[in-house]
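Asks: coords please:
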Amino acid sequence: MLDGEYTSQLKAGIKRWWLFTILSVIALACVSCSNAAHQTSQPRGAPTHATRGQLPLTDSAPPQGDITPIPTPTPARTDPPTSYAAESPQNTLAGDARVADCSGCSGGAKVVNLGLHEGSDGTLRFNNVSKERTGRYTLAIYYLNADSDKGLYMSLNGGSTIALIASGTGNRTTIAVLTVTVMLHAGGNTIEFSNPWAPAPDIDRIVV
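Replies: Below you'll find the predicted structure:
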């Protein structure tokens, strides 16, 4: 009887051990399947809050929603140079200054007797020199001077005079150019030429 009871108890213990072993294997297999599924749905290194259609938050790729287009700058407007003839009726002549023929000049004429001549100061004032905006402009003075260098005084909009030097060309037909930077305001301007102490060169035109 004792041998039979021992044998029955031994068999029951073996069954319980096998049942525990089988359950442990099943539990381990379930845990492995769960981890594999989690790794498949969430790759290593993937951002946890990434949204489809947006770039990751990195230094080289900002979010698309924060990109602001840079406007193309509008080129600044500039006034084109304009030529003004010295013999134009819009100009003002004073003293002995007068219009004379000039075959090589732009309009076939020039203004002569500028500066001091026999006690009279001949002047030439260009009126309505128009610019769209206030600023600095390059003024080109086309003149004739067959003699040695002559002084030419310029006044802008009735202001103080500016002393210039017109180099001699050695003949009466060569037209030389003298350039100077001037400050003009928007709208009409006046530019006057004179020399109260000595004769000044003849003037063909100005371009500004």
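
Asks: got the phi/psi numbers for His185?
Replies: phi -100, psi 170 (degrees, to the nearest 10).

Asks: excluding chain neighbours, what is closest to it?
Replies: Thr134 (4.6 Å; CB to CB, 6 or more residues apart in numbering). (C-beta placed from N, C-alpha, C; glycine too.)

Asks: now do the domain split for the chain, please.
Replies: 1-37, 83-207 (automatic domain parsing).

Asks: what is the burial count for the residue nearest to His185?
Replies: Per other CB atoms under 10 Å, the neighbour tally for Thr134 reads 11.

Asks: could you measure it against Ala85, distance?
Replies: 25 Å (CB to CB, to the nearest Å).

Asks: repeat that for Asn128.
Replies: For Asn128, the distance to Ala85 - CB to CB - is 13 Å.

Asks: the two: which is more packed in?
Replies: Ala85 (22 against 12).

Asks: doesn't Gly107 make contact with that one?
Replies: Yes - counting by CB atoms under 8 Å, Ala85 does reach Gly107; the two are 4.5 Å apart.

Asks: between the two, which contacts overlap?
Replies: Here Ala85 and Gly107 have Arg205 as joint contacts, going by CB atoms under 8 Å, 6 or more residues apart in numbering.

Asks: returning to that earlier point: please identify the most buried of the domains of the chain.
Replies: domain 83-207 (a mean of 17; mean count of other CB atoms under 10 Å).

Asks: and Asp96, how close does it get to Asn113?
Replies: 4 Å.

Asks: common neighbours of those two, please.
Replies: In contact with both Asp96 and Asn113: Gly122, using CB under 8 Å, 6+ apart.

Asks: kindly reformat the domains of the chain as CSV containing mean pLDDT.
Replies: Putting these into CSV (pLDDT from 0 to 100) gives the following:
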stretch, mean pLDDT
domain 1-37, 55
domain 83-207, 96
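
Asks: what's the single longest strand in this structure?
Replies: Counting residues, the longest strand found in the chain (DSSP state E) is strand 120-131.

Asks: partner strands of that one and their direction?
Replies: strand 92-94 (antiparallel), strand 115-117 (antiparallel), strand 187-194 (antiparallel) (DSSP bridges).

Asks: give me the residues contacting it.
Replies: 79, 82, 84, 86, 88, 90-98, 111, 113-116, 137, 184-196, 200, 203, 206, 208.
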